[in-house]
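# Here's my sequence, what's the structure:
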Amino acid sequence: MKIILHWILLSLAVFATTKIISGITADPIWVVLVVGACLTLFNMFIKPIINILTLPINMLTLGLFSLVINGAIFWYLGTLVDGFNVETFYAAFIGALLVSVINWILKKVFRFDI
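Okay, here's the model as predicted:
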């Protein structure tokens, strides 16, 4: 049940990001749900592996490199999912940052902790 709630919150965050940032578009509305599901799966399975592999550079940059990793994952989803378009890496970086902030706010509002 928590995974489904996490997926819905991430989908809402991606939807808000597509409305705020001009370089990120999701053509049909259901694509936002697919991107939210992909982000949920990436965060559960792939991101921990990437974080372990990039641990030395993360320690050198005091954790700021994880923002670049989030942007890269967001940009990769733009190439992976049809209908979800991310124009530049800068848009992906800002979009990933905005999705993280909106997701954090929604978790606090709905008192949902994973």
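
# so how far is Met1 from Leu64?
According to C-beta to C-beta, to the nearest Å, Leu64 and Met1 sit 34 Å apart. Any C-beta I mention is one placed from the backbone N, CA and C, and that applies to glycine too.

# higher neighbour count, these two?
More neighbours surround Leu64 than the other of Leu64 and Met1, with 10 against 5 (other C-beta atoms under 10 Å).

# if I look at the more buried one, how far off is Thr17?
Taking C-beta to C-beta as the measure, Leu64 falls 20 Å from Thr17.

# What segments of the protein are strands?
For the chain, the strands defined by DSSP state E occupy 24-26, 84-86.

# Relative to Lys108, which of those strands is closest?
strand 24-26 (23.6 Å; C-beta to C-beta).

# ok, now which ones touch Thr54?
If you count contacts by C-beta atoms under 8 Å, 6 or more residues apart in numbering, Thr54 has them with Phe65, Ser66, Ile69.

# Tell me who's in contact with the residue positioned nearest the centre of the chain.
Closest to where the C-alpha atoms of the chain average out (C-alpha atoms, centre = their mean) is Ala96, at 4.9 Å. By C-beta under 8 Å, 6+ apart, the contact set of Ala96 is Leu67, Asn70, Gly71, Ile73, Phe74.
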